[in-house]
Structures are given as structure tokens and as C-alpha cells.
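In: Give me a 3D structure for the following:
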Amino acid sequence: MKTNNNNQKYTETLARYLSGEMSTSEARAFDEGTGISAEDKKMIEKMKAQWSAIERYEEPKVTDTGKAWNKLHSRLVEENLIQNQVVAQKNLFIPVMVRIAAVLFLFLGIGAVVYFALNRKPATELVEVNTSNESNTLIKTLSDGSVIYIAQNSLFSFPKEFEKDSRNVELKGEAFFDIASNPDKPFSIETDKAIIQVIGTAFNIKTQNGTDFELLVDRGKVKVSLKSDPSRAEFVTMGEKISIHNDGLVKSRQTSFESTSWYKQRMHFKDESLRNIISVLNRNFNTTFVFADNETGNRKLTVTFRNETAETMTELICTTLNLKSQNINGSVVLSEIKEGASKN
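Out: Numbering: from 1, shown residues only. The predicted structure is shown next:
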């Protein structure tokens, strides 16, 4: 190969050919190039083998590129194929570096997508209950066993299933909360003005138009924090009432609980399981309802009780679900009616 030591263009072409930077058509044209003697072709093949050996050298890829070029360049100089001059190396290997960077970004992007897909928490399915202006108290039993009595013109939001380490709900309006105790999983209620945190207790919350706030504890202990400044908080115990005035928390004693008895007067259950309904009735009235088997307890029921007696409530349940009742050892046992059997 009769190379001209001053022909830098030819040197760069040779380097592109050896490093694999040529397109398929360019490489084929170079291989089939006219004016190249058999001796020159033999020399090129030898250089190609040396280049491949350099590329297989086990070092970080970016470092290999520079070393490979330096080694090839020194070999070309030793064999008087090119003069000892600095060739625009960075221009020759910019395409290589661009490809390496592109691959790295691609893997980083894929890795990030996979990481967030695996670690992203599924969106919690929220349930909203809006009582509008209906006069009945809507009763919801949550997945943890807590019972919420929601007054009219109120909006209550809660997750269908609670998170692993928390129980968070929201309230606008008025509701009575009877919270199932779970020290490892605190219950938190967010209102427009305050955050209420409990473990297991019963209390009434009343908010109005996003401004007024009042909480009365019927049982247990409650922590109330200002939403605008969580550092300002008070603990409220049985018989105490707390409200917000002039952006401050004000506590007082409550001697009468008649104002919180509203939730027992017109109790409305909507598509609720008989198991949950019986639990609420037994908790609030002098009743001892039980069901004969789990299947009976899973039956769904929509019903309203308005200060009815135990007998009337029994009749309503049995008539709606086609059940029978029996008084056994002081308990009212509800069970399925078998074919051919009477209700009593």
C-alpha cells in the first residue's frame, strides 16, 4: 500500500475502516478498491486482526477505545505507514461515544421505568358517601370494623381497604365515629380545619361550611391538631369538647350527651351485610341478635330503623330477607327458612 505520509484523509479513512465506523457499502467499496496491491491487502488484513485483538482487551469500554487507537497509531508509525502526528482522534470516535451514551441512557431509562413500576403503590380505591339532605343517618361499617354514623348534608370519604400501617379518612359535615381499636394502625380523620388521630374510641365531629369545628369525646382519648399548624395540638378525653375559635383550639367540659344521641334515632343501612347490621344494633340497643350460620350473616340488606322495638326490628329483618327467628337462651337467632318450614 503506497500510502502518502502527508495524506491525513487516507489515514482517517483507514482508521474508520479498521474501527468498524464505515457503513457496509463503504467497507465493501474499500475492500474492492482499485489500485491496492496484493501486498497492501495482506498488510490491511494483518492490521485488522491486530485491531480486533485490541478491542477484545478486557478493560472498561471507554478506556479500551483510547488505548486501541494509541496502539494502532503507534504500530502505523513504526511501520512507516503514517507520520508521527496527532490525528483528530476525538472526531474519529465521537460516533462511538454517542452510541455508548445512547445505550447507557436506554438502560437507565428502562431501569427507572421497571423500578417505579415495581415499587409504585397501587392507587387506593376511595369510596365517597354523600348524604345530601336526607333525614336518616347513614351507617357505614369500614373494613377494620369501625362504624361511622353520617349525618345529613355530609360527605365522608374512605378507602375500600386501608393501607398496611394507617387508616385515613376525610369528613365534611357531621358524623359519629365508633373506632375499632388497633394500636399498630392509628385512625386519622381529616377535616377542613383539623386533623383528628385516634386508636380506638368514640366521638362526635361537627364541621360547617369549612369554618366551624367541634368535637365531643364519648369514650377514649383523641388528639386534635390544627390543619394550618400541626404543632398546635390538644388531647381530648371522655366528657370533653374541643372547638376552634380565632385559629386556636378551645377545650371545655360537656355535661350532657343528648346532643350526640341523634345518630341512633333514624339509622339507615344501605346494601349492608346482616352481620354488620346486627353488630350495630346490639351495640346501640338492648338486643342480642345472632345468626345461625355465616351464610345468613353475609346476606345484604337495605333497611331503616326509626326508634323501633326489638320485636319490630326482628320482623323487618325477617320479612325483607325471608328469614325466621327463634328465641334461644335470651338471644334472637336468625336463620334461613328451609322449604316447607314456617318462619316461627
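
In: Show me what stretch 183-191 is in contact with.
Out: 144, 146, 162, 165-172, 177, 179, 195-200, 205, 207, 213, 227 (Cβ atoms under 8 Å, 6 or more residues apart in numbering). Glycine gets a C-beta too; all of them are placed from N, C-alpha and C.

In: again with stretch 302-314
Out: By Cβ under 8 Å, 6+ apart, stretch 302-314 touches 136, 265-272, 277, 281, 285-287, 289, 316-317, 320, 325, 332, 334.

In: I'd like to know which of those residues are buried.
Out: The neighbour-count criterion (16 or more other Cβ atoms under 10 Å) marks 136, 266-269, 272, 277, 281, 285, 289, 317, 325, 332, 334 among the contacts of stretch 302-314 as buried.

In: that older thread, just the contacts of stretch 302-314: which are in helices?
Out: Using DSSP state H, Ile277, Leu281, Leu316, Ile317, Thr320 are the members of the contacts of stretch 302-314 that sit in helices.

In: and the second one, what pLDDT?
Out: Here the pLDDT value assigned to Leu281 is 94.

In: Could you pull up the residues touching the closest residue to it other than its chain neighbours?
Out: Nearest non-adjacent residue to Leu281, counting by Cβ to Cβ, 6 or more residues apart in numbering: Thr287, 5.2 Å away. By Cβ under 8 Å, 6+ apart, the contact set of Thr287 is Leu281, Ala310, Met313, Val332.

In: Next: Glu295.
Out: Glu336.

In: if we go to 10 Å?
Out: By Cβ atoms under 10 Å, 6 or more residues apart in numbering, the contact set of Glu295 is Ser335, Glu336.

In: Now it: phi and psi?
Out: Phi and psi for Glu295, reported as degrees, to the nearest 10, are phi -60, psi -40.

In: As TSV, the contacts of Thr287 with distance to Ser231 would be great.
Out: Formatted as TSV, the contacts of Thr287 follow (distance: Cβ to Cβ, whole Å):
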residue	distance to Ser231
Leu281	42
Ala310	49
Met313	47
Val332	51
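
In: Using pLDDT, spot the least trustworthy of those.
Out: Out of these, that is Ala310, at 90.

In: How many neighbouring residues does it have?
Out: Neighbour count for Ala310, taken as other Cβ atoms under 10 Å: 14.

In: Same question for the one 4 residues further on.
Out: The local packing of Thr314 (other Cβ under 10 Å) involves 19 other residues.

In: after the helix or strand bottoming out on mean pLDDT in the chain, next one along is what?
Out: Sorting the helices and strands of the chain by mean pLDDT, DSSP states H and E puts helix 89-119 at the bottom, at a mean of 52. Counting by DSSP states H and E, the next helix or strand C-terminal to helix 89-119 is strand 126-130.

In: for the helix or strand just after that following strand, packing partners?
Out: Going down the chain from strand 126-130, the next helix or strand is strand 137-141, by DSSP H and E. When contacts are defined as 3 or more Cβ pairs under 10 Å, 6 or more residues apart in numbering; DSSP states H and E, strand 137-141 packs onto strand 126-130, strand 147-150, strand 155-159, strand 174-178, strand 266-273, helix 274-284, strand 300-306.

In: for the ones you listed, which one ends up most surrounded?
Out: Highest mean neighbour count of the helices and strands packed on strand 137-141: strand 174-178, a mean of 24 (counted as mean count of other Cβ atoms under 10 Å).

In: was I right about Leu334 contacting Arg299?
Out: Yes: applying Cβ atoms under 10 Å as the test, Leu334 and Arg299 come out as touching, 9.2 Å apart.

In: ok, back up a step: relative to Ala27, which of the helices and strands packed on strand 137-141 is closest?
Out: strand 126-130 (62.2 Å; Cβ to Cβ).

In: pLDDT weak spots in the stretch 201-344 of the chain?
Out: 210, 256-260, 339-344 (pLDDT under 70).

In: nope, the stretch 51-200 of the chain is what I meant
Out: 51-73, 75-124.

In: So what's the residue count around Glu134?
Out: Counted with other Cβ under 10 Å, Glu134 comes out at 13.

In: for the closest residue to it other than its chain neighbours, helix, strand, or coil?
Out: Take Glu134 and drop its neighbours on the chain: the residue closest to it by Cβ to Cβ, 6+ apart is Gln152, 5.6 Å away. When classified by DSSP: H, G, I helix; E, B strand; the rest coil, Gln152 comes out as coil.
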